[in-house]
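J.: only geometry, no sequence info:
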């Protein structure tokens, strides 16, 4: 009888007092909640209309969600929740006691529980997010991800995010907000699961869709709402439930999606197509429909969205040529240091692998750029050919694109504002790689100022040898003695001048982009003269053949690791295009008189 009265009271609040949510909600304080109280919660089981579930309070778990993080333990009653159990996507469902908002369903108890027992995040702790949002400056871009608490993970026991094992019994865990991947194959998700796990994500394939269709029904407490991290020809979306909303913003989930802090993520209405009951993993099958704003905070006790605000995503255009019907993919990706590289790798891999022309003997020519506001475009120009063994070629392409984004985001001085990505691929249906086999010169002795001819023999994959001749001029300043000549691919030359990781992390964004744009193409054969004079590297600048007097003046920079010195200087670099992925390096010597 008491449960029925509570249900009727809450319905009266919703129907007769619609202005209740126009400002601060009428809340039921945590210190007045005790075992035996009854109330009502709302969630969508099918369609868009929230349905009522009776709630029985079992007690309050103090410090269960971190220090001073409390959880209200409840048991759900009603035909549907007792059949489905606590469902993924139910997190955020508002809980009312005596017609007042007490909190949001956010935690499940155990993995195969026979009763729908759940944990509720108190509304007072969720409202802190709104206060935080008003005090933080926002530029509309996502912040870097911080460390997340153990209870904030969206993954379950033994999931990829936990490394496949579990060293403790986790009976209290957030109700899953699975990130549903649409347009991705199972092999793609399996391949990039470790990268997504490092970003705090457990992918779920194809249990829902993003339609963008109009949904006239207004959002209300208990409605389904989605955060879309990738949208367009491929989608990644997470769905939970609205806890509280007013004219300008809403609170949802009751726990984080990824706990990235300040974000800019598109906020969409959602329609629940069905609720699938399962003792192991009950979940809602969702169709993401109409955009209504942007989520701007992803915090420990929930997520906060602003109505009418436009999320600032990274637009991506990916074009594939060299096939029967050229294809172009358009999508947008969340701008975030942890998520963006993983998402770019997965989307590039899926786009290349998802065409009919995909095969083991395909070579990809990549010509593209990453636009960063205020800086020159980051060039992406290389060729990728199948190797004898190892990773698929499309995976090598994806890794190269992801590495560029990681390098851009790693700089500790500036937050990059990436305004767009254009990737243009040309497919060649053969393995276009060649190994450097032998090299020689037309002379064994030379004088400063002479031009010598370097001849290189390349062995293509299952092809006839290729002979290339490259003229090189010996600098007039070359001292007498033995001159070493390096004939190599681009990677070997980049390694010769590569900054150590501890120093590379110190580069600002401008130097990082300049260094990336100076990297050598892998489709050219390079000839470098190595002189026995020290070479210094400061940021992205290279200073070859420095006199000893200059080195002494710059000694102070060496002590702070702002300058890197190597024993040889690479001078008079010459190159020749080959249109193969060149691998290998050789050194020959010439006596300078």
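T.: Yep, that arrived. Note that the coordinates shown come from a computational prediction; the quantities given were computed from them, not determined experimentally. Numbers count the residues shown, from 1 in each chain.

J.: how about the helices of this structure, start to end?
T.: 2-16, 79-84, 123-135, 186-198, 339-353, 393-410, 490-496, 501-504, 509-517, 548-553, 555-559 (DSSP state H).

J.: which stretch in these has the least confidence?
T.: Mean pLDDT is lowest for helix 2-16 out of the helices of the chain, coming in at a mean of 42.

J.: the closest residue to residue 428 other than its chain neighbours: neighbour count?
T.: Spatial nearest neighbour of residue 428, chain neighbours left out: residue 363 (4.3 Å); criterion: Cβ to Cβ, 6 or more residues apart in numbering. In this view, the C-beta of every residue, glycine as well, is placed from N, C-alpha and C. Residues lying near residue 363 (other Cβ atoms under 10 Å) number 21.

J.: state the distance from residue 363 to residue 577.
T.: According to Cβ to Cβ, to the nearest Å, residue 363 stands 15 Å off from residue 577.

J.: next one: residue 372
T.: From residue 372 to residue 577 the distance is 28 Å (Cβ to Cβ).

J.: these two: who's more crowded?
T.: Counting neighbours by other Cβ under 10 Å for residue 372 and for residue 577 shows that residue 372 has the greater number, 20 against 11.

J.: tell me if I'm right that that one and residue 416 touch.
T.: Yes - at 5.2 Å, residue 372 counts as touching residue 416 under the criterion of Cβ atoms under 8 Å.

J.: what do those two both touch?
T.: Residues touching both residue 372 and residue 416 (Cβ atoms under 8 Å, 6 or more residues apart in numbering) are 408, 509.

J.: nearest residue to residue 365 in space, please, no chain neighbours.
T.: Per Cβ to Cβ, 6+ apart, closest to residue 365 is residue 426, 4.1 Å.

J.: look up how far residue 406 lies from the most centrally placed residue in the chain.
T.: Closest to where the C-alpha atoms of the chain average out (Cα atoms, centre = their mean) is residue 339, at 1.9 Å. As judged by Cβ to Cβ, residue 339 and residue 406 stand 12 Å apart.

J.: now swap in residue 528 and tell me
T.: 28 Å.

J.: can you pull out the strands in the stretch 1-150 of the chain?
T.: 38-43, 51-61, 71-77, 94-97, 100-109, 117-122 (DSSP state E, counting those that start in this stretch).

J.: what pairs with the closest residue to residue 97 other than its chain neighbours across the strands?
T.: In this structure, residue 97 finds its nearest non-sequential neighbour in residue 39, 4.0 Å apart by Cβ to Cβ, 6+ apart. Per DSSP bridges, residues listed as beta-bridge partners of residue 39: residue 55, residue 97.

J.: let me see the contact set for residue 39.
T.: 6, 10, 54-55, 57, 95-98, 102.

J.: could the residues you listed go into JSON lines alongside distance to residue 331?
T.: What follows is these, written out as JSON lines (distance: Cβ to Cβ, whole Å):
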{"residue": "6", "distance to residue 331": "46"}
{"residue": "10", "distance to residue 331": "41"}
{"residue": "54", "distance to residue 331": "43"}
{"residue": "55", "distance to residue 331": "40"}
{"residue": "57", "distance to residue 331": "45"}
{"residue": "95", "distance to residue 331": "37"}
{"residue": "96", "distance to residue 331": "40"}
{"residue": "97", "distance to residue 331": "43"}
{"residue": "98", "distance to residue 331": "47"}
{"residue": "102", "distance to residue 331": "40"}
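
J.: of those residues, buried ones?
T.: 6, 10, 54-55, 57, 95-98, 102 (16 or more other Cβ atoms under 10 Å).

J.: of these, which is the nearest to residue 263?
T.: residue 95 (25.6 Å; Cβ to Cβ).

J.: right, and the closest one touches residue 55 too?
T.: Yes - the pair residue 95 / residue 55 is scored as a contact, 5.6 Å apart, by Cβ under 8 Å.

J.: so what sits against both of the two?
T.: Shared contacts of residue 95 and residue 55, counting by Cβ under 8 Å, 6+ apart, come down to 39-41, 74.

J.: hang on, the earlier thing: where does the closest residue to the residue nearest to the centre of the chain other than its chain neighbours land on pLDDT?
T.: Spatial nearest neighbour of residue 339, excluding adjacent residues (Cβ to Cβ, 6+ apart): residue 199 at 5.1 Å. pLDDT, residue 199: 73.
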